[in-house]
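# Turn this into a structure:
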Amino acid sequence: MALEYEKQLATHETGIPGLVVVDLSVHGDNRGWFKENWQRAKMAGELGLPDLRWVQNNISFNVERGATRGIHAEPWNKFISIATGSVFGAWVDLRAGSPTFGRVYTCVLDSSKAIFVPRGVGNSYQALEDGTAYTYLVDAHWSLELKKTYTFVNLADPDLAIEWPIPLDQCEISEADKNHPMLEDVVPMQPKRTLVTGANGQLGRAVRALAEERGLGESFDYCDIDTFDMSDPAAYSAYDWSLYGTVINCGAYTAVDRAETPEGRVLAWKANATGPALLARTCAEHGITLVHMSSDYVFDGTKEVHAEDESFSPLSVYGQSKAAGDIAVAGCPAHYVIRSGWVVGEGHNFVKTMMGLSDRVADPNDSLARVTVVNDQIGRLTFTDEMAKAALWLLGYRDGSEIPLEPAAFGTYNVTGSGESASWAEIARLVFEHAHGNGDAVQPVSTAEYYASAAGPVAPRPVYSTLSLDKIEATGFAPRDWRESLSLYLESYNVGRGV
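Numbering: from 1, shown residues only. Modelled structure (predicted):
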């Protein structure tokens, strides 16, 4: 077949999430042709194809026209293009939980057209010319153990209704491919597992709750420092990392003032810097996507709004250790850093403390009449359920899907509640008003006044902690207004204590 030269490099959707056809620019003359089969900067950087850790390059040669290879779904991603000749390709979504499970896409591939095939999408190729060869990159090493996880569907399944250009009874097909199951009997390809570290913390609990709510619980594993100390290099041998496609790191040392002590400084650096560095190295080695939680404390707070690309300028030991962790995580090719601030979730937090103080002020038998709260630190609350939703959103869990289908571009994203920023004192007043209508009991003071009589070391705080949400919103994720989240949280809290 005639080869089209000088096509514009472009991608085309197929109707199966993640399966993307790529037009390649082939340059030809009377000597033959040349093409860039995979060009990372153009294809990953400009076209937005997944920037994966390709570890193996394979070539499949087909002697005669009509050679047909069965529909195999494999436990890795593939980038397939034609070296010589042409093929008719058929792809079937065989991923467990996929909204397009069983959907078929077909097209003809020649040397000017390639296709990205995500893990779990079955692929089959029928040679349309003698001496056809196609080449493919994969992001995992072939092994007999991984081959045991392949999923297959029959080439001739009438439910798939694939219109093969060359009738299958005229084709060279292996006996194994002839005997693959029909779609109704297929064992779907299960997603790679996700490991959540720091699972007993307030964010880890929020991620677990959301995963279970969305039916993802069977593919999520959880650990905390008692079972996996990520700052200990020896701890990594306890896991078979080939099972995992994603790690969500919710573990951190967050005792901001205690981090200023000699003992706390060591713990902060172990949890916030050494641990993430080891985790990033492990994820990079195994092609795992790493999601890491960061903080507004990596900035000095002199800017009223902080964008993701602002230079680090931490004021405290805690902020310095978090900045070091961010730098280490950025060394993992497939990473998301989720930066937040003023976090509220299950467990001890500012809102619960204010609720308790409002109760005391309202109690006629308690002598507490006023509560001092700082009014010169400005930001937005971040609720852990929103952070969990953002993490899954970036990973590609959209519209209730049980597998990641549309991941966002890797990088750093700010995630907080949306809406107008406020001071801690203003937030305290809202809590007091909701609890007992006693917001007047909140007395605003400066940070210096509040900590004037502190017994131990006090970490310097950023004055402005507001994070720009433009980047996360550009992905389609819309963070809820923090005031709305606060109302829902307070209502839930009251129900929990029988109010």
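
# who's in contact with the helix or strand hosting residue 323?
Taking DSSP states H and E as the definition, residue 323 sits inside helix 317-329. Contact partners of helix 317-329, identified using CB atoms under 8 Å, 6 or more residues apart in numbering, comprise 252-256, 259-260, 264-265, 268-269, 271-273, 275-277, 279-280, 290, 292, 294-295, 297-299, 312, 314, 335, 337, 339, 412, 459, 462. Where you see a C-beta, it was placed from the backbone N, CA and C, and this is true even at glycine.

# Of those residues, which belong to helices?
The helices, defined by DSSP state H, take in 264-265, 268-269, 275-277, 279-280 from the contacts of helix 317-329.

# Nearest to residue 125, out of those: which one, please.
Closest approach between these and residue 125, by CB to CB: residue 280, at 36.9 Å.

# ok, now which ones touch the closest one?
By CB under 8 Å, 6+ apart, the contact list for residue 280 reads 290, 292, 328-329, 331-332, 335.

# List only buried entries from those residues.
Among the contacts of residue 280, those that count as buried by neighbour count (16 or more other CB atoms under 10 Å) are 290, 292, 328-329, 332, 335.

# Need those residues in JSON lines (columns: distance to residue 169 and pLDDT).
Formatted as JSON lines, these follow (distance: CB to CB, whole Å; pLDDT from 0 to 100):
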{"residue": "290", "distance to residue 169": "49", "pLDDT": "97"}
{"residue": "292", "distance to residue 169": "54", "pLDDT": "97"}
{"residue": "328", "distance to residue 169": "58", "pLDDT": "97"}
{"residue": "329", "distance to residue 169": "55", "pLDDT": "97"}
{"residue": "332", "distance to residue 169": "50", "pLDDT": "93"}
{"residue": "335", "distance to residue 169": "50", "pLDDT": "95"}
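
# Helices of the stretch 1-150 of the chain, start to end?
Counting by DSSP state H, counting those that start in this stretch, the stretch 1-150 of the chain has helices at residues 40, 144-147.

# Let's have those in JSON lines, adding distance to residue 416.
Below are these laid out as JSON lines (distance: least, CB to CB, whole Å):
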{"stretch": "helix 40", "distance to residue 416": "33"}
{"stretch": "helix 144-147", "distance to residue 416": "40"}
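
# Could you say which of those is packed most deeply?
helix 40 (a mean of 12; mean count of other CB atoms under 10 Å).

# So which elements touch that one?
Contacting helix 40 under the criterion 3 or more CB pairs under 8 Å, 6 or more residues apart in numbering; DSSP states H and E is no other helix or strand.

# can you list contacts of that helix?
Here helix 40 makes contact (CB under 8 Å, 6+ apart) with residue 51.

# Tell me where the model's unsure across the stretch 251-400 of the chain.
Within the stretch 251-400 of the chain, no stretch has pLDDT under 70.

# the strands in it, which residues?
Along the stretch 251-400 of the chain, the stretches classed as strands by DSSP state E, counting those that start in this stretch are 289-295, 335-340, 343-344, 371-374, 378-379, 382-383.

# Reformat the ones you listed into a markdown table and put distance to residue 87 next to each item.
A markdown table is the format used below for the strands of the stretch 251-400 of the chain (distance: least, CB to CB, whole Å):
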| stretch | distance to residue 87 |
| --- | --- |
| strand 289-295 | 31 |
| strand 335-340 | 35 |
| strand 343-344 | 52 |
| strand 371-374 | 67 |
| strand 378-379 | 56 |
| strand 382-383 | 50 |
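
# Of all those strands, which one comes closest to residue 141?
Closest to residue 141 of the strands of the stretch 251-400 of the chain, according to CB to CB: strand 289-295, at 18.0 Å.

# what angle do the closest one and helix 317-329 make?
160 degrees (axes from the mean of the first three to the mean of the last three CA atoms, to 10 degrees).

# packing partners for strand 289-295?
Contacts defined by 3+ CB pairs under 8 Å, 6+ apart place strand 289-295 against strand 244-249, helix 275-286, helix 317-329, strand 335-340, helix 384-395.

# Those into JSON lines, with extra columns for distance to residue 121?
As requested, the helices and strands packed on strand 289-295 are arranged in JSON lines below (distance: least, CB to CB, whole Å):
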{"stretch": "strand 244-249", "distance to residue 121": "15"}
{"stretch": "helix 275-286", "distance to residue 121": "21"}
{"stretch": "helix 317-329", "distance to residue 121": "29"}
{"stretch": "strand 335-340", "distance to residue 121": "23"}
{"stretch": "helix 384-395", "distance to residue 121": "18"}
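
# Tell me which of the strands of the stretch 251-400 of the chain sits nearest to residue 393.
The closest of the strands of the stretch 251-400 of the chain to residue 393 is strand 335-340. By CB to CB, the value is 10.1 Å.

# and the helix holding residue 323, how far from the chain's centre?
Centroid displacement of helix 317-329 relative to its chain, using CA atoms, centre = their mean, to the nearest Å, is 20 Å.

# Would you mark the buried spots in it?
Applying 16+ other CB under 10 Å to helix 317-329 flags 317-329 as buried.

# got a list of what the nearest residue to residue 334 once chain neighbours are set aside touches?
Nearest-residue entry for residue 334: residue 289, 4.2 Å, with adjacent residues in sequence omitted and distances by CB to CB, 6 or more residues apart in numbering. By CB under 8 Å, 6+ apart, residue 289 lies in contact with 245-247, 283, 334-336, 395, 407, 410.

# Repeat the analysis, applying 10 Å as the threshold.
Residue 289 sits next to 50, 52, 192, 194, 244-248, 283, 332-336, 394-396, 404, 407, 410 when contact means CB atoms under 10 Å, 6 or more residues apart in numbering.

# Let me know the distance separating it from residue 309.
To residue 309, residue 289 is 21 Å away according to CB to CB, to the nearest Å.

# What's the local residue count around residue 253?
24 (other CB atoms under 10 Å).

# ok, now which ones touch the residue nearest to the spatial centre of the chain?
Compute the mean C-alpha point of the chain, and by CA atoms, centre = their mean the closest residue is residue 395, 3.0 Å away. By CB under 10 Å, 6+ apart, the contact list for residue 395 reads 194, 245-246, 248, 289, 291, 336, 403-408.

# From residue 289, how far off is it?
According to CB to CB, residue 395 stands 7 Å off from residue 289.

# do the same with residue 296
Taking CB to CB, one finds residue 296 at 24 Å from residue 289.

# again with residue 171
From residue 171 over to residue 289 the distance is 39 Å, taken as CB to CB.

# Next, the angle from the helix holding residue 323 to helix 275-286.
Using the same axes, to 10 degrees: helix 317-329 against helix 275-286 is 10 degrees.

# All set now, cheers.
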